[in-house]
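In: Would you be able to build a 3D model of this:
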Amino acid sequence: MSTPTGQAGRIPATHAGSLPRTPELLAANAAREFAEDGFTLQRTPEFERLLSAAVRDVVARQKAHGITIPGDGEYGHAMSSAVDYGAWWSYIFQRVTGLEITGEDLFTQPNLESSPGNIRLTSFPNRRDWVRFREVYQDPESGISTGKTATPFPATTGELRYTGHEATRIDVENLRAALDAEGLETGFITSLSPGTAARVSDRHYGNDAAHLRAWAEVLREEYRLIVDAGLIVQIDDPSIAENWDQITPEPSIEDYRAFTQARIDALNYALEGLPEEQIRFHLCWGSWHGPHTTDIEFTHIVDLMLQINAKYYSFEAANTRHEHEYTVWDDVALPAGKVIVPGVVSHATNVVEHPELVAQRIERFAERVGKENVIASTDCGLGGRIHPQIAAAKLDTLGEGARLASTRLFG
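Out: Residues are numbered from 1 along each chain as shown. Coordinates of the predicted model:
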């Protein structure tokens, strides 16, 4: 299958996944009932009809904004008040058995002592950036999301098995129908990485490697369902960068890279046999609005990212903590056949970037890796982080910036 990589004389435009849901979809999500397990939301024919229409609408709106590689906005990923830290990753808990809400903190993980370097992750409120800026994170007027409603989370208490076949089939069918209606060749659906999923507490497998392997076995089923439908699967994996801030005290770079390597190996195992041209990997430093002063530098993990068996690599490059790191590509050679998908519009500010700035950001990367090897994107998901009207304006400026850059780069 051919997928857009910058050919046909233009820089393609995409985004990182989540888009603001409509008021109708939010209300329908809120009205859904839970199954007996306490965190799986029931599906009804009425909800499915609304979801299908919402996906058609969001794809049409993306096309109007100039987005050439759209997604479904993650609309099919269930929003649950019982697991309220973002549908981008909590959705998977509703598609897997072997999980149970135990009342423990998410990062109560005794078996991470078996991880490389015996690294253990701290809880969200105790991550180093949150401790350094405790006054800010505890101030309700600061505008920073602290995740205080992010409990409870499930723990792995039995053998993990994937049960999301029907839910993923519906996601695929909804996006495929919307793409066909708009005359678009392909789009993407997001899915979680094994390393991010395995951050839940393990009370069954007994060691870090076995828990990672189990999640890889589970998630490869979801990846295959998406690519078999001719779509791109985007692997969401903020843990590759974000874990660094959740380790106290700060580890050595060597130990952290070994810890991260185990997670990359698990992902590559899950991707075995899948076509790279339909695999997109997304890396970020966590999408919450905060100082991010303890983020790991991109230079320490970029080579690890490039080990992942994907064609496309999405990463934050527009927010003020990481924009300067475009110079990483002065020293790092992009492997042949690979494409970078840098964020050139930020989710972390209400200021709408000027199209000229967006174009300049695109051109920086094109100068370093080749104009055919760049797709313009957002830093992270826009849904839940900024107002829908601002999100629409940011997609507009992304599309316009890509058009400006294309004119200058391709003539």
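In: ranges for the helices of this protein?
Out: If DSSP state H is used as the criterion, the helices of the chain fall at 23-31, 45-65, 87-90, 128-132, 134-138, 165-182, 194-197, 208-228, 239-242, 253-271, 302-305, 328-331, 355-369, 388-410.
In: Let me know which of these is tucked in deepest.
Out: Taking mean count of other CB atoms under 10 Å as the contact definition, the stretch among the helices of the chain with the greatest mean neighbour count is helix 194-197, which reaches a mean of 26. Every C-beta, even on glycine, is put in place using the N, C-alpha and C of the backbone.
In: Just want the most central residue of the protein.
Out: To find the centre residue of the chain, average its C-alpha atoms and take the closest one (CA atoms, centre = their mean): that gives D236, at 3.3 Å.
In: got a list of what that residue touches?
Out: 17, 88-89, 190-193, 196, 282 (CB atoms under 8 Å, 6 or more residues apart in numbering).
In: circling back to that earlier point, so which of the helices of the chain is nearest A317?
Out: helix 355-369 (7.0 Å; CB to CB).
In: contacting residues around that closest one?
Out: If you take CB under 8 Å, 6+ apart as the criterion, helix 355-369 is touched by 11, 317-318, 323, 326, 329-330, 334, 340, 342, 344-345, 373-374, 376, 397-398, 400-402, 404-405, 408-409.
In: For D303, which non-adjacent residue is closest in space?
Out: V332 (6.9 Å; CB to CB, 6 or more residues apart in numbering).
In: Could you do F133 as well?
Out: P291 (5.3 Å).
In: Check A60 too.
Out: Nearest one to A60, counting by CB to CB, 6+ apart, is E182 at 5.8 Å.
In: So R368 versus T102, what's the distance?
Out: Applying CB to CB, to the nearest Å, the value for R368 to T102 is 48 Å.
In: Show the contacting residues for A229.
Out: Contacts of A229 were listed using CB under 8 Å, 6+ apart, and they are 172, 176.
In: before we move on, the earlier item: just checking, the residue nearest to D303 touches M305?
Out: No. Counting by CB atoms under 8 Å, no contact exists between V332 and M305, whose distance comes to 9.8 Å.
In: I'd like the distance between A60 and P70.
Out: 9 Å.
In: didn't the residue nearest to A60 look like it was pressed against K63?
Out: Yes. Contact criterion CB under 8 Å: E182 and K63 qualify, at 5.1 Å.
In: tell me which helix or strand of the chain sits lowest on mean pLDDT?
Out: For the chain, counting by mean pLDDT, DSSP states H and E, helix 87-90 ranks last in confidence among helices and strands (a mean of 82).
In: Could you tell me which residues touch both of A60 and P70?
Out: Taking CB under 8 Å, 6+ apart as the criterion, A60 and P70 both touch A178.
In: Looks like Y326 contacts F315 (just checking).
Out: No. The pair formed by Y326 and F315 falls short of the contact definition of CB under 8 Å, at 10.3 Å.
In: Same drill for those two, tell me which one is more crowded.
Out: Counted by other CB atoms under 10 Å, Y326 and F315 do not tie: F315 has more neighbours, with 26 against 19.
In: Just list the residues touching the more buried one, thanks.
Out: When contacts are counted by CB under 8 Å, 6+ apart, F315 is found next to 282-284, 298, 305, 340-343.
In: show me where pLDDT drops low in the stretch 1-150 of the chain?
Out: Low-confidence segments of the stretch 1-150 of the chain, defined by pLDDT under 70, are located at 1-7, 37-39, 79-86, 103-114, 145-150.
In: The same query, at a cut-off of 50, please.
Out: In the predicted model, the stretch 1-150 of the chain carries pLDDT under 50 at residues 1-3, 5-7, 82-85, 147-150.
In: Distance-wise, check the nearest residue to R56 once chain neighbours are set aside relative to Y313.
Out: Closest residue in space to R56, ignoring its immediate chain neighbours: A178 at 4.4 Å, by CB to CB, 6+ apart. If you measure A178 against Y313 using CB to CB, the figure is 26 Å.
In: Please spell out which residues along the lengthiest strand in the chain are buried.
Out: Longest strand in the chain, counting residues (DSSP state E): strand 154-162. Of the residues in strand 154-162, 154-156, 160, 162 count as buried by neighbour count, 16 or more other CB atoms under 10 Å.
In: just checking, what packs against it?
Out: Under the contact criterion of 3 or more CB pairs under 8 Å, 6 or more residues apart in numbering; DSSP states H and E, strand 154-162 touches strand 96-101, helix 208-228.
In: these two touch, right, W215 and L160?
Out: Yes. At 6.5 Å, W215 counts as touching L160 under the criterion of CB under 8 Å.
In: re the thing from before, run through the residues that contact the residue nearest to R56.
Out: Counting by CB under 8 Å, 6+ apart, A178 has contacts 55-56, 58-60, 70, 72, 187.
In: Perfect, that will be all.
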